[in-house]
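In: sequence? don't have it. structure:
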Ligand code: F6P
């Protein structure tokens, strides 16, 4: 640690930063561009310089930087993806990789960072920030909504709307053919997308990683709804759910044990990560982007800016990435009752 520890120009970091670097990292999400725009324009508003870092921590390690001014982010609030591009960097998780990144920051006289991403992004930021006593503030950008210390992450609302729109279409054909559809949605460790989109799209069953329904109970429930007069069914399956080996194996199991239904599988995949951000995500991204620069100006570091009860707040990175995703029992009950 002491060999990497850098003090000189950063001991005075109790002073406000003068040049802020910004990057997007990990899986992209709709609204990241709106967050970048808010960070860049906040810097311009406060008379700070702003530098865009391409390809997340990969670009940071390689010094792939570009000066940004207020006009560099015109016409992007409505665009999905991230104009700075994103990556999942393995190298940044090595000491050597982080030292390379730090040297590039020093050379460019960047004295604080805003990182936009999910838990992997914040885990990297927490280590780097402590190792070099370097101020970093995070903004939660992931469709999974699996970050503590914020009620919502940027991109989640848009992804929900994409999923519901897709399932509405699947419902039409499911109904015409009296079929049962298994629809896989994203969420490696969290069932938020499945649960909320499942309720919004009127799914018969919702399978999430936080709760193991079991194949037999699933079968019973589908038989019950068939008996009650339903002619087609939609089951939303979170990609992290463990009920079967995979969704195709689960489909086979259902078809063999519930012969009244033909079963079809749709894996929605990366379409959930693209598209124009919803108004909610644009406003959230704008608030968190402004909040991140405000936090740096207040001298905060090693924190993530989030939204809790509609107020912009901050929590230490360690708290944001810690722990299991909490299951909302009320939503499970609503899903059970409304699919009756
Ligand atoms: O983190 C968001 C996410 O979309 C997860 O839901 C999904 O499991 C993962 O990223 C997919 O990652 P990749 O795009 O690297 O395949």
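Out: Ah, there it is. All values reported here derive from a predicted model rather than from experimental measurement.

In: so where do the helices sit in the chain?
Out: 8-11, 32-45, 56-62, 95-107, 119-131, 156-177, 192-200, 215-227, 247-257, 279-297, 317-320, 329-338 (DSSP state H).

In: need the ones you listed in CSV (columns: distance to the ligand, mean neighbour count and mean pLDDT).
Out: Glycine gets a C-beta too; all of them are placed from N, C-alpha and C. CSV is the format used below for the helices of the chain (distance: least, CB to the nearest ligand atom, whole Å; neighbours: other CB atoms under 10 Å; pLDDT from 0 to 100):
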stretch, distance to the ligand, mean neighbour count, mean pLDDT
helix 8-11, 31, 12, 38
helix 32-45, 12, 25, 98
helix 56-62, 12, 25, 98
helix 95-107, 19, 17, 98
helix 119-131, 8, 22, 96
helix 156-177, 8, 19, 98
helix 192-200, 8, 24, 98
helix 215-227, 22, 15, 93
helix 247-257, 14, 16, 96
helix 279-297, 15, 22, 98
helix 317-320, 15, 20, 96
helix 329-338, 19, 13, 95
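
In: quick one: which of those helices is nearest residue 149?
Out: helix 317-320 (4.5 Å; CB to CB).

In: for the closest one, packing partners?
Out: helix 119-131, strand 136-140, strand 303-308 (3 or more CB pairs under 8 Å, 6 or more residues apart in numbering; DSSP states H and E).

In: any chance of the helices of the chain in CSV, plus distance to residue 206?
Out: Below are the helices of the chain laid out as CSV (distance: least, CB to CB, whole Å):
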stretch, distance to residue 206
helix 8-11, 48
helix 32-45, 27
helix 56-62, 32
helix 95-107, 40
helix 119-131, 23
helix 156-177, 11
helix 192-200, 4
helix 215-227, 10
helix 247-257, 14
helix 279-297, 22
helix 317-320, 26
helix 329-338, 5
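
In: returning to that earlier point: how about the helices and strands packed on helix 317-320, which one is nearest residue 250?
Out: By CB to CB (comparing all of those), the closest turns out to be helix 119-131, at 27.4 Å.

In: just give me how far the closest one sits from the chain centre.
Out: Here the centre of helix 119-131 is set off from its chain's centre by 16 Å, with CA atoms, centre = their mean, to the nearest Å.

In: next, the angle from it to helix 95-107.
Out: 70 degrees (axes from the mean of the first three to the mean of the last three CA atoms, to 10 degrees).

In: neighbouring contacts of helix 119-131?
Out: Contact with helix 119-131 is made by 1, 4-5, 25-26, 56-57, 88-89, 92-93, 95, 98, 101-102, 113, 115, 134-136, 138, 142, 146-147, 301-302, 304, 317-318, 320-321, as judged by CB atoms under 8 Å, 6 or more residues apart in numbering.

In: let's go with 6 Å and repeat that
Out: Residues outside helix 119-131 that contact it (CB atoms under 6 Å, 6 or more residues apart in numbering) are 4, 25-26, 57, 92, 98, 115, 136, 138, 302, 304, 317, 320-321.

In: compare the helices and strands packed on helix 317-320 and give me the one nearest residue 18.
Out: strand 136-140 (15.5 Å).

In: and the closest one with the ligand, contact?
Out: No: against the ligand, strand 136-140 shows no contacts by CB under 6 Å from any ligand atom, the least distance being 11.3 Å.

In: which helices and strands does that strand pack with?
Out: strand 112-117, helix 119-131, helix 279-297, strand 303-308 (3 or more CB pairs under 6 Å, 6 or more residues apart in numbering; DSSP states H and E).

In: mind listing the strands it pairs with, and their directions?
Out: Strand pairing for strand 136-140, using DSSP bridges, gives strand 112-117 (parallel), strand 303-308 (parallel).

In: measure the most centrally placed residue in the chain to residue 188 for me?
Out: For the chain, residue 142 is the residue whose C-alpha lies nearest the centre (CA atoms, centre = their mean; 1.0 Å). Separation of residue 142 from residue 188 (CB to CB, to the nearest Å) stands at 10 Å.

In: also residue 115?
Out: Taking CB to CB, one finds residue 115 at 20 Å from residue 188.

In: more neighbours: which of the two?
Out: Neighbour totals were compared for residue 115 and residue 188, and residue 115 leads with 28 against 12 (other CB atoms under 10 Å).

In: contact partners for the more buried one?
Out: 23, 121, 125, 138.

In: the same query, at a cut-off of 10 Å, please.
Out: Under the criterion of CB atoms under 10 Å, 6 or more residues apart in numbering, the neighbours of residue 115 are 21-26, 53, 56-57, 60, 121-122, 124-125, 128-129, 136-139, 141, 292, 304, 317.

In: for residue 311, same thing?
Out: 151, 287, 291.

In: so for it, what pLDDT did the model give?
Out: Listed pLDDT for residue 311 reads 98.

In: per-residue pLDDT of residue 14, please?
Out: 52.

In: meant to ask about residue 324, not that
Out: Reading off the model, residue 324 has pLDDT 75.

In: just give the nearest non-adjacent residue to it, would you?
Out: Leaving aside its sequence neighbours, residue 324 sits nearest to residue 210 (CB to CB, 6 or more residues apart in numbering; 7.7 Å).

In: okay then, goodbye and thanks.
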